[in-house]
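Visitor: Predicted model and sequence below, questions to follow.
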Number of protein chains: 2
Amino acid sequence: MSTLCVPAQVPSVAEDCEQLHKAFSGWGTNEELIISILGHRNAAQRKLIRQFYAETYGEDLLKALDKELSNDFERLVLLWTLDPSERDAYIANEATKRWTSSNQVLVEIACARSPKELLLVRDAYHARFKKSLEEDVAYHTTGDFRKLLVPLVSSYRYCGDDVDLTLAKKEAKILHEKISEKAYCDDDLIRILATRSKAQISATLNQYKNQYGNYINKDLKADPKDEYLSLLRATVKCLDYPEKYFEKVIRLAINRRGTDEGGLTRAVVTRAEVDLKLVKDEYHRRTSVPLDQAIAKDTGGNYEDLLLALIGHGEA
Amino acid sequence: MSTLCVPAQVPSVAEDCEQLHKAFSGWGTNEELIISILGHRNAAQRKLIRQFYAETYGEDLLKALDKELSNDFERLVLLWTLDPSERDAYIANEATKRWTSSNQVLVEIACARSPKELLLVRDAYHARFKKSLEEDVAYHTTGDFRKLLVPLVSSYRYCGDDVDLTLAKKEAKILHEKISEKAYCDDDLIRILATRSKAQISATLNQYKNQYGNYINKDLKADPKDEYLSLLRATVKCLDYPEKYFEKVIRLAINRRGTDEGGLTRAVVTRAEVDLKLVKDEYHRRTSVPLDQAIAKDTGGNYEDLLLALIGHGEA
C-alpha cells in the first residue's frame, strides 16, 4: 500500500549519483532534479545511492543536501533520504529532547512499526547516539508518561497471528474495569497495551467493543485535553489502526491556521512506503477532499512538489 | 574464559551422530559415550549435530535423549544440548510459571547475557512459545517485581564502552538518595539499572563507592530476607560482576543439605562457554576447595561426570 512511484526502468546508481552531484554544482541548486531522482527511489535504492555517493565524491549525500537546501524542503529531503530505521532513530532522539507533545512521535515509532522494525530502530539508535532508545526515553520522561513510554519503546512483541480468545475476553474486562475507575495508568492496562501482540490486542479491543459497547478510545476521552489520555489513545490507534491514526495526523496538520509541516512531513515520509495509499483513501473519505488537492492548496514550491511525488500524485 | 574442552581433532558431524545413535540402541544406554561426545562440543557444533541427527534419523536428538535418560542427568544433557538462546528461552519460560524464587533466573537472563544475546533469547521465545518474553513476565508478576523485571527483560542496552562520568556521578547520587530513603522500587533507581549500558552502570557503581563508601549491594542488604531486595542485588551483581554472582549460585547450591541440582546445572550449562573459568577460580578462592573436588563430593554418577567434563576437570 505504498504510494511511492519507482520508474519501470531505474537508472544505474552511478547515473543517479552523477545527476545528484550535477544538481548541486554551479550557482544555485537544481531542486527539480533532486526530486525527480530521490522522490522516485525506494529505501533500498536510496541506501545504495547514499553509499555510492559517499564512495565516489567523498562526502555524505546528506551533508551535501544539507548544504544546498533549506527549511521545510530540506527537512523533507533529509528525512526521506535516510534509511527508515535511521530516520526513526533520528526523530525519536529529537522527540526525547522536546516537550511532551512530541511523546506522540515516540508512540508512533514504538507502535506503528512492526516489532522487527522497532528493533532495527533501536540498533540504529545505538549506532548513532551511543546510547539506547529506552535509556533516553526513560531519562527524559517522568511519572505516568515514563511508565507508558518506556515499555512501549522496549517492546519486542510476538509477530504471529495466533490469538487467545479467552485471554482477550479476560483482558478486555480488565481494561474496562480500569477505565471505568479512571485508573488510566494502571499497571495491567499498560502491561496489556505494551506487551501483547498486535493481533491479540486487536482481539481484545473487539471483545471490549462487543461486551461494553464502545471502541475503547471513546472511553479514553473522559478529558479530551488530558495529554496522557491523548497519548494512550495514540497508542491504541497506532497499534490497532495505523492508517486512521496517520490520516488524522495529516488532517490536523493541514486543517489549522498555518500548516504543521512537522507532522505532515513526518507522516508522509514514514508512511509513503508502508500504507500511505490507505491513509490517502481514508483522508479523502473523511474530508471529501483528495489529499493531493489539500496538500497543493496548503503548501508550495519544492516542498509541495516532493510531497506530491511521495504521495503518488498523478500516478495510476 | 570457557571451560569447555573440545578435542583438537573433532570427528565429523556424521560420525558424532552415528555414535550418539549407537549409544541409544540396544538394551540400556551408553551414557559415557553421550558424555564423551556432547560434553566436548561447542554450541555451534552441537547445533550441527542436532540438525544432522534430525535429518538422518528423522527424530529430534532432544527427543531421543529425553527417552533414554532421566533425572538430573537428563536435565543437564538436555539443557546443555540446546542452543544457548533456546535454552534461555526455555528456562525463562519455566521461571515465569513458578514462584518468586525463580525470578532470579529471569534476572540472570536479562542481565548476565550480552544485550545482543538477550535479543536472541527473545527471538527464540517468540519462535517456541508464540508469545513475547516480556508479555509472560509481565503477566506472571505483580507490583514491585513486575516493575523491576519487565524493563530488565525488555532492555536492549547500548553495548559500547563509552562512559559519561558526569552522568555516573549524578546517578550515583540518585541511587544513594533513594537507597537511604529505602525507596528501593523508585522509578529512577529502576530506570538506571534497567536502561544504562553495563559500562555506564559500572562507572556509576564506582562513583557510588567513591562517594558513599560502600559497594551498593551492601546498602541493599537492609533486610536480608526481603525477596525484592535480594532480586535487586542479583540485578546489580549480574550486570557488574557475573562471575561473582555465579560463584555464589554454585556455592549455595553445593553448601546445603542436599545439593540444589537446579542451580548447579543452570550455572554450569549457562556459563561453561562464557566465564566458567573465572567462576571456578573465584569459587576456589572463596571456599579454599577446587570446584571439581566439591562437585565430585556432592554429586554422583553420570550427572557428576558430565558436570566435571563441562567445568574442564582434568584439562590444562
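Guide: On my side now, so go ahead.
Visitor: From here on, just use CA atoms for contacts and neighbour counts.
Guide: Fine.
Visitor: Just the element for the residue nearest the centre of chain A, please.
Guide: Most central in chain A under Cα atoms, centre = their mean is A:Thr270, positioned 4.3 Å from the mean C-alpha point. Following DSSP states H and E, one finds A:Thr270 within helix A:261-271.
Visitor: right, and the helix or strand after that helix?
Guide: Next helix or strand after helix A:261-271 toward the C-terminus (DSSP H and E): helix A:276-287.
Visitor: which element follows that next one toward the C-terminus?
Guide: Past helix A:276-287, the next helix or strand by DSSP H and E is helix A:291-298.
Visitor: Output the contacting helices and strands for the following helix or strand past that following helix.
Guide: Heading C-terminal from helix A:291-298, the first helix or strand you meet, by DSSP H and E, is helix A:301-310. When contacts are defined as 3 or more Cα pairs under 8 Å, 6 or more residues apart in numbering or on different chains; DSSP states H and E, helix A:301-310 sits against helix A:31-38, helix A:71-81, helix A:261-271, helix A:291-298.
Visitor: where does the stretch 201-316 of chain A dip in pLDDT?
Guide: By pLDDT under 70, the low-scoring segments of the stretch 201-316 of chain A are A:316.
Visitor: check which helix or strand covers the residue of it found nearest chain B.
Guide: Taking Cα to the nearest Cα, chain B has its nearest neighbour within the stretch 201-316 of chain A at A:Ile201, 12.0 Å off. Using DSSP H and E, A:Ile201 maps to helix A:198-212.
Visitor: In that helix, which residues are buried?
Guide: By neighbour count with 16 or more other Cα atoms under 10 Å in any protein chain shown, helix A:198-212 contains the buried residues A:Lys198, A:Ala199, A:Gln200, A:Ile201, A:Ser202, A:Ala203, A:Thr204, A:Leu205, A:Asn206, A:Gln207, A:Tyr208.
Visitor: Report the contact partners of the fourth one.
Guide: Residues in contact with A:Ile201 (Cα atoms under 8 Å, 6 or more residues apart in numbering or on different chains) are A:Ala168, A:Ile192, A:Leu193, A:Leu239, A:Asp240.
Visitor: List, one by one, the residues from chain A near chain B.
Guide: A:122, A:126, A:130-132, A:134-135, A:138-139, A:150-151, A:154-160, A:162, A:191, A:195-197 (Cα under 8 Å from any Cα of the partner chain).
Visitor: ok, now with 7 Å
Guide: A:126, A:130-132, A:134-135, A:138, A:151, A:154-158, A:160, A:191, A:195-196 (Cα under 7 Å from any Cα of the partner chain).
Visitor: residues in contact with A:Thr3?
Guide: A:Ala272, A:Glu273, A:Leu276, A:Lys277, A:Leu310, A:Ile311, A:Gly312 (Cα atoms under 7 Å, 6 or more residues apart in numbering or on different chains).
Visitor: May I see those residues arranged in TSV, with distance to B:Gln9 and neighbour count as well?
Guide: Putting these into TSV (distance: Cα to Cα, whole Å; neighbours: other Cα atoms under 10 Å in any protein chain shown) gives the following:
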residue	distance to B:Gln9	neighbour count
A:Ala272	55	24
A:Glu273	52	19
A:Leu276	58	25
A:Lys277	59	19
A:Leu310	59	25
A:Ile311	61	26
A:Gly312	62	22
